[in-house]
Every structure is written in C-alpha cells, then in structure tokens.
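In: have a look at this prediction, sequence included:
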Amino acid sequence: MTAADAHPHTESDLVTRLSLLIGQAFFFGLLVGLVVIAAFALLMSAYGPGALPWVYIAVAIFGSLAFYGFAEAQRRWSLVRVSLVAEVVVVLFLTGAWAGLRFAQATWLAFAAMVVYSLLLQIGFVILGGQAGKLLDVRQIKRYFPRIVAGFVVGFIVAGAAATPLQRLLNGAEQLLLAAAVAAGVMLIMLLATNARYHPVLIRTSEAGPQIRPPSLPKVLAKRFVLLIFAYQMLSAMVTQLLEFMVMASAGERFTGSEALASFYGVFSLVLNLTDLLFLALVAGLLLSRFGLRFGLTFNPGGVFVLLLAIVAVGIAAGPMTPLFFGLVLLIRIVDLTFTDATTRASINAAYQALPAHERVTVQTGVEGVGVPLALGLTGVILLIFNELGAMDMVQVAALALLLTVLWLGAALLVYHDYAANLLKTMRRRALGAAELTLDDASLGVVERLVASDNLRDVRLALDMLQRAEHPALADELL
C-alpha cells in the first residue's frame, strides 16, 4: 500500500495535515521568540553589541557541523526521526541553559543561547519545509505554506506579548528559557503525532517507483541549479543578518539593562510579527499563485533594496543617531521578515520541487542548514573587519547590505532562469514524484516545450501534466 493509499488527499485529510504542520509552526515560533528575547537581553546586558559578530562566527562553525551531520543522518534515518532527536537536544539545552543562568550566573550561556537561536531558525524551517514537501503537493505548498508560516508568526507574537509579564512574574529574563523549553516539548509531542499518522509518507525518499537512497551533500552541491539556490539563500541570510544587527546594535545604544532591552525587543517582536501575520493572512497566499515564481523570488530583495537606498540617504544627510534613521532601521527589518515569510520561503520550497524527489531533502538541508550558517559567519567576519578599521557605523553597514541586496536580486533571476530547465529534466525522468505540478508561467512554458516535441513520450508526459493540473490548455492541445 502506498502512502497516498493509506491517507488519501481528501479535503478532511488536508485539514489534518495542515493542522499538524501549523501546530508545530506555532510552538516553534513560541520557542524561538522566547529564546531570542531572553538571549538578546542577557547578551546585550553582559557583553554589549560587540559580541554579535562573534555570535555569527560561532553559528557558522557549529551550525555547519551540526547541519552537515543532520544531512548525513537523513541519508540513514527518516526526516521525522532526525527531527525528533534534534528536538530532544533542544529541550535539554534550554533546560540546562536556564539552570546555569539561574543558579550559577553563567553569563556565557547567554552567548550560547544566541547561537542556538540562529540555529533553531534554520533547523526548524528545514523540519517544517521537509514535512510540507512530503505531505503537500506543489500546488498546496504555494497556496498553504504561508499559512504554516503564519502559525510560526502567531507563536512569535505570543512570545513577544508574554515576554515582559513573564519575566516580571518569574523575576528574570533567564526564566524565558524555561518557558521556551516547555514550548519545545509541546512541539516534540506534535512531531510524534504527525509521525504516528503519516509515517509511511514521511519515511519515503521517493514518492513513486523504487526507493532511491538520497545522494551525499557534496554530490548535489556540484549541480549549477543547487549552487544558485545556495547563493540565493546565503545572500538572503547575510542581508537579513545585517538588518537584524542594525536593529540590535541601535537598540543597544539607546536602552540599558536586561529588563529594558527585553521589554523593547518584546514589543518590537510583537509589532514585527503582527504585521507579518496580517500580510500573510490577507495577501500572501495569493501572491505566488497569481504572479508566479519569478515574483516570489524577487519581491523580497526588490523591496529591501528600495528601503536601503532611503536608509543610506538619511544616514548621510542626518546621521545614524536620529529618530528617523532608527525608525527606518526598524521598518526595513519588518519589511524583510514579512516579505521573507510571504514569498521567499514558499518560492524556495517550490523551487526545490524541480529537483528529483530523492534529492530534495538533502539539498534543502544543505542549502538552509550549511549555507545559511556559513553566511552568518561570513557576516560576522565582515563586521569584525569593519570594527577593526573603525568603520562600524550603521550607515556603512547599510551600504554593505545594499551591495549584497543587488547580488541577491541577481541570484533570484538566475534561479528562476534555471528552474524551467531543471523542471524539464526532472519531468522527463519522471522523478517529480507524486507531487502535482502547479502550472504557472515558468512550469507552463516547460510543458508547452514538451507538447511541441517530436518525441511521443514527451508529448504524452506534457498532456498528462496538463490533465493532472486540470489546465484549460489541455482542450486546445487535443483539438
């Protein structure tokens, strides 16, 4: 019996799949929100903004090792099994960090918690995205993945709203880490529930035909399309990290003490994620479906580029300590996060579908689990160099982010250009798996090329794709 036979894609079953994924995303958002608020407040209070570049370098070192191990483990174990082990480790670390900070005043654990926060962001979306890629088809990913991300955002909002009352009630910012450990435990329970219901689906490496062992990470990184996605995600992460650094460093110059810093970041996180949620709920689900993959890949870097131009101009004209500059720094962080959740995450998940089914999890883990931490480490090194040169001015940091955004936009266009060719190759090999193909401009162009082919097998494959997608072009091709 196939996975699809065991749990058919009925409307009620789709609701169950989405509910489990959204539930995981909610507690993941709650977990990450509590960790970053506590870690930010404790780190800034103990070490100041100068510690942030070292955090990014530590993320690169430990993150790359951890995620390379994560990718290799997935070659031997199922995604959910690896995810369960990772979640248990998170619960144990957060409990230990809380105890060390609470009873031993081990302030270095604030540094460690900040590193873990960055790793959690990546590993969590690998876990969610990997499950979504197996439980949903491409059409459903484009339509519903923003709702899964919205669950994460709601969790982050709850964390932002609860942070100040919790630290006052429990007497200390470190107590938020204990609450985060509880949230991680609930996410672990939901992972177990998802695995119990959809185990046959989640353990498969290839949705159709014989099971193929996933390739090694170095092997898939030799492909141009994978390298382009790698570059896109690295540049995206570097820009995002620079924008977050600008927020944290600017706030560190304006607020003192762990309670004041935690209160500021809690309120900012609330506004940040509430805006994100409203955008996701009102328009995000329609953007990719209506405007396609090229829009999804370029929307975020395009919007960030415009705002960075304004920030650099204001910084040069009025200086980085003005309220207008600080306001724009907060605004661009909100825009970047909102556009990332609304279009970038779903677009990259859709781009993975152009790869053979047995390669997708390895590629996703490598790109997001190794590439992103490396990008953060490179960002940290650049910031340290800026500091040594005496150029750690927010205007210079914004100018660097502007340059990287131009490269990011170029990478987006190249990923879109190569998407069609890789999709065509995968379709011809019939390696897409059981996922349905959403016929937007990019994928429809591929199908039209197959229809016009002199190869009868290509024509049959194209007509089959049109039929499965219930596309109106099918009737025209049959006339």
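Out: Structure's in. What do you need?
In: wait, what's in contact with residue 222?
Out: Listed by C-beta atoms under 8 Å, 6 or more residues apart in numbering, residue 222 has no contact partners. Every C-beta, even on glycine, is put in place using the N, C-alpha and C of the backbone.
In: ok, now with 10 Å
Out: residue 215 (C-beta atoms under 10 Å, 6 or more residues apart in numbering).
In: Three-state assignment for it, please.
Out: Put simply, residue 222 is coil when judged by DSSP: H, G, I helix; E, B strand; the rest coil.
In: now the phi/psi pair for it, please.
Out: phi -80, psi -10 (degrees, to the nearest 10).
In: give me the element the closest residue to residue 341 other than its chain neighbours is part of.
Out: Distances taken as C-beta to C-beta, 6 or more residues apart in numbering place residue 149 nearest to residue 341, at 4.5 Å, with adjacent residues excluded. Residue 149 belongs to helix 138-170 when assigned by DSSP states H and E.
In: how about residue 347?
Out: Assigned by DSSP H and E, residue 347 falls in helix 345-352.
In: what is the orientation angle of that helix with helix 138-170?
Out: Orientation check (axes from the mean of the first three to the mean of the last three C-alpha atoms, to 10 degrees): helix 345-352 against helix 138-170 gives 140 degrees.
In: can you pull the contacts of the residue nearest to residue 341?
Out: Applying C-beta under 10 Å, 6+ apart, we find residue 149 in contact with 22, 25, 29, 125, 128-129, 276-277, 280, 284, 340-342, 345-346.
In: next one: phi and psi at the residue most central in space within the chain?
Out: The centre of the chain sits closest to residue 125, judged by C-alpha atoms, centre = their mean, with a distance of 5.0 Å. Residue 125 adopts backbone torsions of phi -80, psi -20, taken as degrees, to the nearest 10.
In: dump the residue contacts of it.
Out: Residues near residue 125 by C-beta under 10 Å, 6+ apart: 25, 28, 132, 148-149, 152, 345, 348-349, 364, 368-369, 372.
In: repeat that for 6 Å
Out: For residue 125, no contacting residues are found, by C-beta atoms under 6 Å, 6 or more residues apart in numbering.
In: if we ignore the residues flanking it in sequence, what's nearest residue 316?
Out: In space, residue 316 is closest to residue 395, 6.3 Å off (C-beta to C-beta, 6+ apart).
In: quick one: mean pLDDT over the helix or strand containing that neighbour.
Out: Counting by DSSP H and E, the element that carries residue 395 is helix 394-428. Helix 394-428 shows a mean pLDDT of 87.
In: in three-state terms, label residue 215 for me.
Out: Classified using three-state DSSP, residue 215 is coil.
In: now do the contacts for it.
Out: Contacts for residue 215 (C-beta under 6 Å, 6+ apart) come out as residue 359.
In: look up how far residue 101 lies from it.
Out: 42 Å (C-beta to C-beta, to the nearest Å).
In: equivalent analysis for residue 264, please.
Out: As judged by C-beta to C-beta, residue 264 and residue 101 stand 20 Å apart.
In: the more surrounded of these two?
Out: residue 101 (24 against 20; other C-beta atoms under 10 Å).
In: which non-adjacent residue is nearest the more buried one?
Out: residue 174 (3.9 Å).
In: what number of residues lie near that neighbour?
Out: For residue 174, the neighbour count with other C-beta under 10 Å is 27.
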